[in-house]
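no sequence on this one, just coordinates:
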């Protein structure tokens, strides 16, 4: 897919995203609310055939951000879905693992390190943390000091 | 009433002192066949992403080059590309070529290391000795340029730390000739050997569909007909200006992955030759003072696949978030697709075929309730090698004595 074609395709999901931000020549960010994340990812992965790269979980103080990075290997563009998880006390987001099995580990990792619960995840067990790590302590949150 | 079926679980791992990562695989087996696999990782989690938030932007490359001893050129490169994207900096031309040379030298030594280990696993120790012997001069070259055999720490935001001196060009070219000749010989030996065909073909097959589902990258993807390569798809360093091919194979088995790696090594030789010939004059770094607020994604093709770094800056002198994704992180879960249905004797090889930073064969224990049988590293290796010997004998080749193992 060429760059302009990708732009056209992305405009098809305009009502589910808050905008299309181009931060560098080959980098597109699609901010969206958490309710839409599954549908936007499904569109990118199944309809456009983009490759899932990885996800990044961020403690952005007022909310959590979960970034699902996809790559369009034909034009080299990295498309990032940026979901805002606004409930800090009980952060929850739809899992994309039922759609993309390759996301299983990273969602378990974000669950471990940031305490975000991924609903519909088939196996949300600990991946990174030790079995005897205390409950409720999430190392990647900003309040945890190094 | 029927008795409940008893499942045998083979524990692989968690400790392997030979390689730098620790992983724990639980294989559910039915006789010799693997029916399920469960993976536990993170025995060696060092919290590098969190540490990175405490370091300044220019200190981070030295931290991330320690993510992996083998890929210690790719990780810092992906990181600095992400930061350069935020800052809008383009390094000088010569730096881009130096980055290309260092990264391809890394690929050659990593692929040769893998070829040697794969030979060792199936009982071809001569291949192991040869491959590692030819790998050695590559490390010497890297040391001469960067000062280190591993953990080169040669890239920084805005360019490179050390230049490839012009006086070194003839020496590198001469070494490349030797490496090319020897790799061609190894490739021919693999392609022509009927025993290797019998041992490696159809083993640990990862189909294209599974490859896409598990989001695999690098030689693991290219061995399954997914012809992706960051060097071509989203060109960085000087790759767009050089002439080279992306190698891919349709079969998805261990043999295909071996062929991809061997042919890629030859492509790397081609790339370095061209880069040396075209190496432009000039400085290898520009000064970068401040990193503005913003976010950037950098990725680079490491020997094992795409290395991905995401960096976010708030305008201070440290990243507020730095995400690292090493290629094995997506390649290892694909075992779920490639190991199931295979023999235990093939598991070592299938696991090794994606070239994880850890080949997970140190300690295996069969637990079946009443009888505890321990299969240790030697026994597993023996299983794998016996299969090679058996195939060899069936094909009328000279018999391999078990004492030789």
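Received it, and whenever you're ready, just let me know what you need. Note that this is a predicted model, so its numbers are computed, not measured.

how much space between residue A:18 and residue B:31?
Residue A:18 sits 55 Å away from residue B:31, going by Cβ to Cβ, to the nearest Å. Glycine gets a C-beta too; all of them are placed from N, C-alpha and C.

higher neighbour count, these two?
residue A:18 (13 against 9; other Cβ atoms under 10 Å in any protein chain shown).

now do the same contact list for the more buried one.
For residue A:18, the contacting residues are A:31-33, by Cβ atoms under 8 Å, 6 or more residues apart in numbering or on different chains.

filter those to the buried ones?
Among these, those buried by neighbour count (16 or more other Cβ atoms under 10 Å in any protein chain shown) are A:31-32.

okay, and which of the contacts of residue A:18 map to helices?
Judged by DSSP state H, helices contain none of the contacts of residue A:18.

including pLDDT and distance to residue A:56, could the contacts of residue A:18 go into TSV?
Shown next, in TSV, are those (pLDDT from 0 to 100; distance: Cβ to Cβ, whole Å):
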residue	pLDDT	distance to residue A:56
A:31	95	14
A:32	94	15
A:33	93	18
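
between the contacts of residue A:18, which is closest to residue B:314?
Closest approach between the contacts of residue A:18 and residue B:314, by Cβ to Cβ: residue A:31, at 17.4 Å.

show me which residues of the stretch 151-300 of chain B sit near chain A.
Residues of the stretch 151-300 of chain B lying close to chain A by Cβ under 8 Å from any Cβ of the partner chain are B:212-216, B:228, B:230, B:233-235, B:294-297, B:299.

just those residues now: which is nearest residue B:195?
Among those, and counting by Cβ to Cβ, the member closest to residue B:195 is residue B:216, at 27.7 Å.

is that closest one in contact with residue B:334, as I believe?
Yes: look at residue B:216 against residue B:334 with Cβ atoms under 8 Å: they come within range, at 5.1 Å.

any common contacting residues for the two?
B:206, B:354.

higher neighbour count, those two?
A count of neighbours by other Cβ under 10 Å puts residue B:216 above the other of residue B:216 and residue B:334, at 30 against 24.

where does that one land in three-state SS?
Following DSSP: H, G, I helix; E, B strand; the rest coil, residue B:216 is assigned to coil.

give me every residue that touches it.
A:102, B:206, B:224, B:226, B:305, B:330-331, B:334, B:354.

can you add secondary structure and distance to residue A:113 and give those residues back as TSV?
Shown next, in TSV, are these (DSSP: H, G, I helix; E, B strand; the rest coil; distance: Cβ to Cβ, whole Å):
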residue	secondary structure	distance to residue A:113
A:102	helix	19
B:206	coil	29
B:224	coil	31
B:226	coil	29
B:305	strand	23
B:330	helix	18
B:331	helix	21
B:334	helix	23
B:354	coil	25
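
ok, residue B:122 - how many residues close by?
For residue B:122, the neighbour count with other Cβ under 10 Å is 25.

just checking, residue A:58 touches residue A:83?
No: Residue A:58 is beyond contact range of residue A:83, at 10.6 Å (criterion: Cβ under 8 Å).

can you list residues touching both of those two?
Shared contacts of residue A:58 and residue A:83 (Cβ under 8 Å, 6+ apart): A:65-67.
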